[in-house]
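1. Take a look and give me a structure for this.
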Amino acid sequence: MKPYITTLIPFTVLATCPTYTLAQQQSSKEIQHLADHKPLMNKTWETFDMLMYKVTKKNGQTIYTPHFPPQLAALDGKTVQLQGYMVPLKAGFRHNIFMLSVLPIQQCMFCGQNGIPAMVEVTLFGGRKERISERPITIKGKIVLNRRQNDRLEIWITDSNILE
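-> Okay, here's the model as predicted:
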């Protein structure tokens, strides 16, 4: 019996190699698919992606404090135009507060390369509500870096309008 098992093991290893190569090719195709969303990535999104966290412990709890590197901190209070996908925070068709993501909501936010993509919280000017869209939108508004409110995202775009 042992000679049979010894001959089977090398065969099994060789038989799995083409599968591994196929998995690598498939992974390469997925990365190419992700590259389709690159046009939305611009210098502003790349700067938002610099957001970091200082991790501390207090009374046995882990506390994450946002850290804004100088290049990101320089955007605080500036008006920007930003293209992205609407991600609702609550159920409903029309919203005046939502998240904007560089990737569409249908694509898993926690998959792909380099972790979770950058997202910002958007508040529309004057409480105006807009219908959630699956297509990318362009907004224009003022950047606010959130250093204090734990129940909101770290980067906001306030007083914003959706551009046509």
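2. Please confirm that Ile143 is located within a helix.
-> No. With DSSP: H, G, I helix; E, B strand; the rest coil as the criterion, Ile143 is assigned strand and is not in a helix.
3. for the chain, what spans make up the strands?
-> Here the chain has its strands, by DSSP state E, at 52-58, 61-67, 79-88, 94-95, 97-101, 119-124, 130-131, 137-145, 155-163.
4. which other residues reach the fourth one?
-> Residues from elsewhere that reach strand 94-95, judged by C-beta atoms under 8 Å, 6 or more residues apart in numbering: Met86, Pro88, Leu89, Lys129, Glu130, Arg131, Ile132. All C-beta spots, glycine's among them, are computed from the backbone N, C-alpha and C.
5. Kindly recompute the last result at 7 Å.
-> Residues outside strand 94-95 that contact it (C-beta atoms under 7 Å, 6 or more residues apart in numbering): Pro88, Lys129, Glu130, Arg131, Ile132.
6. closest to Glu154 among those residues?
-> Pro88 (18.9 Å; C-beta to C-beta).
7. hmm, back to that, which stretch among the strands of the chain comes nearest Ala73?
-> Closest to Ala73 of the strands of the chain is strand 137-145 (C-beta to C-beta; 6.8 Å).
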